[in-house]
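[1] with the sequence up front, the predicted model follows.
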Amino acid sequence: MEDQKEIKVEQTITETPETPKTSKQKKPTKKQLVSELLAKSNSKVFIANWKMNNKFADIKAYFKKFNKLIGSDKTLKTMGNVLIGVAPTAIGLLPVVGMARKGILTVAQNVYHKENGSYTGCISYDQVHEYNINYAIVGHYETRTIFNLKEADVNEVVKSLVNNQMTPILCIGETAEEKDNGLTQKVLSKQLLNDLKDVSANQALNVIIAYEPIWAIGKSPATNDEIDKNIKMIREIIGSIYDSETAKNIHILYGGSVDENNAAEILTVRSVDGFLVGRAGLDPLAFYKIIKSSPEYIESEKILKSKNK
Ligand code: PEP
């Protein structure tokens, strides 16, 4: 949660954010903090995937509102087990690093697995890491489709991240056709086996899995029963690849048409460790309401209110 330096929005909206090299910011020992947070089995993760949306003025307006909402929330401050991230386009990464208040992580939507070289159009994991961006979405179904990524390609990116103390948010999910043909388990197993090839159990604990049924993205969410069944299935697959401890502790998010109206209901599914949010994450208030809908938040709010009586 301490990943990025706090820079006041008012200061940065007209400025270019400092790079770690030119600032006095300490080098990222912060990964340890991230690991500690992910190591808390009750921690919840909320990532807004902006996809190819938001220009500079939109980012400015977003954080003017979102920073205020997050910053003034006493419950969130006392919780210490919520990870909140925003994933802009590549060109939006530095503005987000500069504008997002402390506690809001900047997440890359996609990175290439090579450190540098002749890879026109790519952005390397190492280039984002330089700005203390330690999280990257990997293998979102849109990325897999648009760039024709094979599971072996996704695996290379996952390995480049975990080998460099970064956290992949690995997206997996089945198509409507695969679901209708009873192939969900087969598809998820294949994706996990191939995407996590040569990733150790220890490293896997630092991977956040986002279960995103492709048929639910941009449409309407899966039912709670479907989410619970498939997330449990994913834990079983992880258990068979690694061990039961890894299966129990790995963070698995749900993604697919989550919004401020259905988030609380979906979070009653105890196997869900948070959300990867698309459309609703473009609205700072909606995203904030989604974060607030976790049972842990509601419980902490109650405790805080009773203490303040
Ligand atoms: C997504 O594409 O990752 C996603 C979850 O989108 P939406 O919330 O809009 O369905």
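    Yep, that arrived.
[2] what's the mean pLDDT across the longest helix belonging to the chain?
    In the chain, taking DSSP state H as the definition, the longest helix is helix 224-241. In this model, helix 224-241 has a mean pLDDT of 98.
[3] what residues sit buried inside it?
    224, 226-231, 233-235, 237-238, 241 (16 or more other Cβ atoms under 10 Å). C-beta: built from backbone N, CA, C; applies to glycine.
[4] quick one: that helix near the ligand?
    No. Contact of helix 224-241 with the ligand is not found when judged by Cβ under 6 Å from any ligand atom; the minimum separation is 12.5 Å.
[5] who's in contact with that helix?
    Helix 224-241 is contacted from outside by 172, 184-185, 188-189, 192-193, 196, 204, 209, 211, 213, 221-222, 246-248, 250, 252, 254, 265-266, 268-269, 271-272, using Cβ atoms under 8 Å, 6 or more residues apart in numbering.
[6] if we use 6 Å, what do you get?
    The contact list for helix 224-241, computed with Cβ atoms under 6 Å, 6 or more residues apart in numbering, reads Gln185, Leu188, Ser189, Leu192, Tyr211, Thr246, Ala247, Ile250, Ile252, Tyr254, Val269, Ser271.
[7] by neighbours, which of those wins?
    Of all these, Tyr254 has the most neighbours under the rule other Cβ atoms under 10 Å, reaching 31 neighbours.
[8] coming back round to it: which one of the buried residues of helix 224-241 is nearest the ligand?
    The shortest approach to the ligand among the buried residues of helix 224-241 belongs to Ile227, at 12.5 Å (Cβ to the nearest ligand atom).
[9] so how far is Glu265 from the closest one?
    10 Å (Cβ to Cβ, to the nearest Å).
[10] what's the burial count for the nearest residue to Lys40 once chain neighbours are set aside?
    With Cβ to Cβ, 6 or more residues apart in numbering as the criterion, Lys40 has its nearest non-adjacent residue at 5.0 Å, and that residue is Asn81. Residues within reach of Asn81, counting by other Cβ under 10 Å, total 18.
[11] my guess is Asn81 meets Ala39, correct?
    No. The pair Asn81 and Ala39 fails to qualify as a contact (Cβ atoms under 6 Å) at a distance of 10.2 Å.
[12] quick revisit: which of the contacts of helix 224-241 sits closest to Ile137?
    Nearest to Ile137, judged by Cβ to Cβ, of the contacts of helix 224-241 is Tyr211 at 13.4 Å.
[13] so which of the contacts of helix 224-241 belong to helices?
    Those of these lying in helices (DSSP H): Gln185, Leu188, Ser189, Leu192, Thr246, Ala247.
[14] need those in a markdown table with distance to Lys65 and pLDDT, can you?
    Output for the ones in helices among the contacts of helix 224-241, formatted as a markdown table (distance: Cβ to Cβ, whole Å; pLDDT from 0 to 100):
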| residue | distance to Lys65 | pLDDT |
| --- | --- | --- |
| Gln185 | 42 | 98 |
| Leu188 | 37 | 98 |
| Ser189 | 42 | 98 |
| Leu192 | 37 | 98 |
| Thr246 | 38 | 95 |
| Ala247 | 38 | 97 |
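[15] so which of these is the closest to Ala286?
    For the ones in helices among the contacts of helix 224-241, the nearest to Ala286 is Leu188 (28.6 Å; Cβ to Cβ).
[16] now do the same contact list for that closest one.
    Ile172, Ile234.
[17] apply 8 Å and report the result again.
    By Cβ under 8 Å, 6+ apart, the neighbours of Leu188 are Ile172, Gly173, Glu174, Tyr211, Asn230, Met233, Ile234, Ile237.
[18] how about Ser118?
    Neighbours of Ser118 in contact, by Cβ under 8 Å, 6+ apart: none.
[19] and for Asp259?
    With Cβ under 8 Å, 6+ apart, Asp259 has these contacts: Val277, Arg279, Ala280, Ala286, Ile290.
[20] my guess is it is in a helix, correct?
    No. Asp259: not assigned to a helix; according to DSSP: H, G, I helix; E, B strand; the rest coil it is coil.
[21] greatest separation within the ones in helices among the contacts of helix 224-241: which pair is it?
    Across the ones in helices among the contacts of helix 224-241 (Cβ to Cβ), the longest gap, 18.7 Å, separates Gln185 and Thr246.
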